[in-house]
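Trainee: Task: produce atomic coordinates for the following.
(one chain, ligands or ions: 1)
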Amino acid sequence: MVLQAIKYKRGQLEVLDQLRLPHAEVYETVRSSEDAWHAIKEMRTRGAPAIAIVAALALAAELENLSAANKLSDKAEEVAAFILEKLSYLVTSRPTAVNLADAVTKLSKVVENALSEAGNGEAMKDAYIQAAEKMLVDDVSDNEAIGKYGAEWILKNGIVQGNSEVSVLTHCNTGSLATAGYGTALGVIRSLNAQGKLRRAFCTETRPYNQGSRLTAFELVHDKIPATLITDSMASALLYNRGSEERIAAIVVGADRVAANGDTANKIGTYALAISARHHGVKFLIAAPRTTIDLQTKSGKDIVIEERPGWEVTRIKGPRFDGAELDPSIVENVSIAANGIDIWNPSFDVTPAELIDAIITEVGVVEKDESGAFNMASVFEK
Ligand SMILES: CSC[C@H]1O[C@H](OP(=O)(O)O)[C@H](O)[C@@H]1O
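Mentor: Here you go, the predicted model:
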């Protein structure tokens, strides 16, 4: 069975509650833009592409259900105003991943363009829903292309080259639980595995939300991919050359926002991995669809980094164990830090382009030019 973070049919959206994974697979119905905003903010659904798609489809379901209840205005301009208001609300749920803002911009343009043609509210609703549903379909095909291009690049350029199997390290969760399906960096790992070229995938636990130990490990076990979980602090020891048999050919991670110069915001801990990769001579790759590339942001210093509540650092995630429901009043109060200590909890960091060897997109791999710079605009010229 294919893992799905998002289940959608016209008028109905469900998201897999990722705060309950890996111990419970619970889908919750998202009936409105407000439901979606809270699910995204509280990270019950997460992952740069997924939050954009959930936001878009939540509004699609809301519109469809208003129409079914005869509560949708019959005036195209009134439905357009409703849609634009909801989109401007949804985009405030999380700031760093550009995919959400990118989707809002594109969907807003669809609405504005439809104004001249849509004769009534129903036509405006349909124009929006078709555009939102297309994002769901496009994301999966984009990820499969990213997987193909990324696997090709690693086999050609990774430390262990040629027909040998390769081992790869990844960070956070960039799989089916972070996208509409297949995944970005985890899509590269899936592609290597499908070709019989993957010796082993290593994933970091990715403190403090533990996307790696709770979500990526869940996906790798589900797909029966040979994989090993490590703590974030073990990554450099893993890269230290333990012999060519086990060497990590490349680190491949996702992205939340790639600036015009290639500086990349991704899950906290990514920058440290890039520094270690450079020190150990291991290739460091970003895997992301073009919806993650933000040409309006010139460099990483302009990227807003989301800071999250301190209790996410001090509390244990995943309070439910196999089959047993722990008493939340017990688990919620379990802390792994001294009471009274101040906490800093940035959800992302920025990896400078100089530490990135290549950026894998659905239209190909971006490498540096002879001046050592990434030309990210090139991916939109294909
Ligand atoms: C393909 S997911 C991209 C990106 O999103 C994740 O962030 P979060 O789990 O906070 O939504 C992580 O940074 C992934 O690399």
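Trainee: Which pLDDT value goes with Leu3?
Mentor: With respect to pLDDT, Leu3 scores 86.
Trainee: Spatially, what comes nearest to it if we skip its sequence neighbours?
Mentor: Nearest residue to Leu3 in three dimensions, chain neighbours excluded: Ser176, at 4.2 Å (Cβ to Cβ, 6 or more residues apart in numbering). Bear in mind the C-beta positions are built from the backbone N, C-alpha and C, glycine included.
Trainee: so where's the stretch 251-382 of the chain shaky on pLDDT?
Mentor: Applying pLDDT under 70 to the stretch 251-382 of the chain picks out residues 317-333.
Trainee: Return the residues of it in contact with the ligand.
Mentor: Along the stretch 251-382 of the chain, the residues adjacent to the ligand under the rule Cβ under 6 Å from any ligand atom are 253-256, 266-267, 347.
Trainee: so where do the strands sit in the stretch 201-350 of the chain?
Mentor: Secondary structure of the stretch 201-350 of the chain, counting by DSSP state E, counting those that start in this stretch: strands at 227-230, 248-253, 257-259, 264-267, 283-287, 293-294, 348-351.
Trainee: I'd like those strands as CSV, with mean neighbour count appended.
Mentor: Conversion of these to CSV gives the following (neighbours: other Cβ atoms under 10 Å):
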stretch, mean neighbour count
strand 227-230, 17
strand 248-253, 27
strand 257-259, 28
strand 264-267, 28
strand 283-287, 25
strand 293-294, 24
strand 348-351, 23
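Trainee: Dump the ones you listed into CSV; add distance to Thr105 as well.
Mentor: What follows is the strands of the stretch 201-350 of the chain, written out as CSV (distance: least, Cβ to Cβ, whole Å):
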stretch, distance to Thr105
strand 227-230, 37
strand 248-253, 25
strand 257-259, 14
strand 264-267, 18
strand 283-287, 22
strand 293-294, 11
strand 348-351, 21
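Trainee: Tell me which of those lies nearest to Asn143.
Mentor: strand 283-287 (8.8 Å; Cβ to Cβ).
Trainee: count of residues packed around the residue nearest to Leu3?
Mentor: 28 (other Cβ atoms under 10 Å).
Trainee: The residue of the stretch 151-300 of the chain found nearest the ligand: what's it in contact with?
Mentor: Residue nearest to the ligand within the stretch 151-300 of the chain (Cβ to the nearest ligand atom): Gly254, separated by 3.0 Å. Gly254 makes contacts with 47-48, 172, 174, 178, 184-185, 266-267, 286-288, 292, as judged by Cβ atoms under 8 Å, 6 or more residues apart in numbering.
Trainee: repeat for Met43
Mentor: 18-19, 209.
Trainee: Find the nearest non-adjacent residue to Asn261, please.
Mentor: Excluding the flanking residues, the one nearest Asn261 by Cβ to Cβ, 6+ apart is Ser299, at 5.0 Å.
Trainee: ok, the one you found touching Val258?
Mentor: No: under the criterion of Cβ atoms under 8 Å, Ser299 makes no contact with Val258, lying 10.8 Å away.
Trainee: got a winner among the contacts of Met43 for most neighbours?
Mentor: Of all the contacts of Met43, the highest neighbour tally under other Cβ under 10 Å goes to Gln18, namely 26 neighbours.
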